[in-house]
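**Student:** one predicted model, sequence on top.
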Amino acid sequence: MSSEIIGAIGLVCMILLVVGRVPVALAMLGVGLVGFGAVTSPSGALQMLKDIPVDVLAKYDFSAIPLFILMGVFATHSGMATKLFDSTRTIFGGVRGSLGIAGIGSSGIFASISGSSLATASTMARVALPQMEKHGYQPGFACGALAAGGTLGIMIPPSIALLVYAILTQQSVGDMFIAGFLPGILGIVMYSITVMIMVRWKPHLAPRGERTPWKAKIVSLTGLIPFSFIFIVIIAGIFFGLFTPTEGAAVGAFAAWAYAFVKGMRLDGLKQSLIETLALSAVVFFMLLGAEALGYFISVSRMSNTLAEWIGGLAVSPMIVLICILIMYFLLGLFMDALAMLVITIPVVYPIILALGFDPVWFGIITVLTVELGLITPPMGMNIFVIKAVAPHIKLADMFRGVAPFIVSDLIRLIVLVSFPAISLVLLS
């Protein structure tokens, strides 16, 4: 049996294991080890099992992951999210759908130091949803807006998904963060426009917000200072080469802790934050261990190289191949976790993208955006289920109906970014 066939059988087995509810990390690790042993030798697989934890856990770049997670946890526990939402709702006061726009804007800003879509959706739902319901927002639409806003956490830097993609493909983490900035801002703008269109088309979805004087709007800008300071320090430091992404994550985590300390966080809060960070980091690192094992297997099986050569010989344009890959990501997103999709598929897809001549940074941005769609599309829709846990009294079907316009908005944004790669790459030139 050829190594390519062994590789294909291994991927099929992994998919079946994931469908059978085996943890993704364990499925990747098991298939990677068994497949590597089948292609090389059992002793080679055992040696790989010894080497992989050291290779992954000793990588300097990976140390940024728990630091970014810690920064987001500090931001959550410090009350920054509540102050942020209060500021944005004052800024947009008087506009129909102002609380929806404020929820999306707050989600985008909170995501800039959280790095996690699920954390962003959960935090902003707790802060904003009660206020939106109190002021007469249709519950499903309110949940849909907040679920969509939560997805911004996977794109706006510092993003854990962009960080993982950069490490898996050996791209510059700083380049990926900078490339994700404008697409993330575009997401905030398009989601806000979607809210304005929907509330004008169906006025019962949301009332006009209370008007706020210009003086109050200006004063409320102070609520954005903590986020803006941390975000600017991290991105500017990376952009100008003052420090590495890992050092930037450490600076950001320290700044978020300092703010939390000033706001009253003491030893118990610090302990709880560290426990949450360790738990989330363990999940991410276990998935990276599995992805590393799977990557070794895919590499020795030569399946990705053979597939790339075969696709290169097809009489279709590279853009058609790219569209097929994005459709694959969209379909996988209906059933799989976003980060799991990246670590499973990148070892297979990335060589194909390079063979077709596409820019790897641009591909990373549109891939992460496509993966992002899976967070709000049924039946998986993790952001929807996170908000459902916060608001069990709202029907799941109403939430999915409420998020539908934002899915359309994301599809339009994806078409724009695919058609105009310069949006993602202009800040790198």
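**Tutor:** The structure has been received and is ready for your questions.
**Student:** CA only for contacts and neighbour counts going forward, please
**Tutor:** Noted.
**Student:** what about Phe177, which helix or strand?
**Tutor:** If you go by DSSP states H and E, Phe177 is part of helix 173-201.
**Student:** can you show me the helices along the stretch 101-250 of the chain?
**Tutor:** For the stretch 101-250 of the chain, the helices defined by DSSP state H, counting those that start in this stretch occupy 117-134, 139-150, 160-169, 173-201, 214-220, 225-239, 245-262.
**Student:** can you name every helix or strand that the last one contacts?
**Tutor:** Taking 3 or more Cα pairs under 8 Å, 6 or more residues apart in numbering; DSSP states H and E as contact, the helices and strands that helix 245-262 lies on are helix 64-77, helix 225-239.
**Student:** using JSON lines, lay out those helices together with mean pLDDT and distance to Lys50.
**Tutor:** Shown next, in JSON lines, are the helices and strands packed on helix 245-262 (pLDDT from 0 to 100; distance: least, Cα to Cα, whole Å):
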{"stretch": "helix 64-77", "mean pLDDT": "81", "distance to Lys50": "23"}
{"stretch": "helix 225-239", "mean pLDDT": "82", "distance to Lys50": "34"}
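**Student:** comparing those helices, which comes out most buried?
**Tutor:** Among the helices and strands packed on helix 245-262, the stretch with the highest mean neighbour count (mean count of other Cα atoms under 10 Å) is helix 64-77, at a mean of 25.
**Student:** quick check: angle from the next helix or strand after that one to helix 225-239?
**Tutor:** Remark: after helix 64-77, the chain's next helix or strand is helix 80-91, criterion DSSP H and E. Comparing the axes of helix 80-91 and helix 225-239 via axes from the mean of the first three to the mean of the last three Cα atoms, to 10 degrees yields an angle of 110 degrees.
**Student:** picking up where we left off before, I'd like the average pLDDT over the helix holding Phe177.
**Tutor:** For helix 173-201, mean pLDDT is 91.
**Student:** what angle sits between that helix and helix 160-169?
**Tutor:** Per the same axes, to 10 degrees, the angle that helix 173-201 makes with helix 160-169 is 140 degrees.
**Student:** buried ones in helix 173-201?
**Tutor:** Going by neighbour count (16 or more other Cα atoms under 10 Å), the buried part of helix 173-201 is 173-188, 190-192, 194-196, 198-199.
**Student:** packing partners for it?
**Tutor:** Judged by 3+ Cα pairs under 8 Å, 6+ apart, helix 173-201 is in contact with helix 98-114, helix 139-150, helix 160-169, helix 225-239, helix 360-373, helix 396-419, helix 422-425.
**Student:** thought Ile91 was touching Gly223?
**Tutor:** No - taking contacts as Cα atoms under 8 Å, Ile91 lies outside contact range of Gly223: 10.6 Å.
**Student:** got any ranges where the protein has weak pLDDT?
**Tutor:** Low-confidence segments of the chain, defined by pLDDT under 70: 61, 115, 209, 304-305, 307-309, 311-314, 334-337, 379-380.
**Student:** buried residues of the helix ranked longest in the chain, list them for me.
**Tutor:** Secondary structure of the chain per DSSP state H: the longest helix is helix 267-301. Of the residues in helix 267-301, 269-270, 273-274, 277, 281, 284-301 count as buried by neighbour count, 16+ other Cα under 10 Å.
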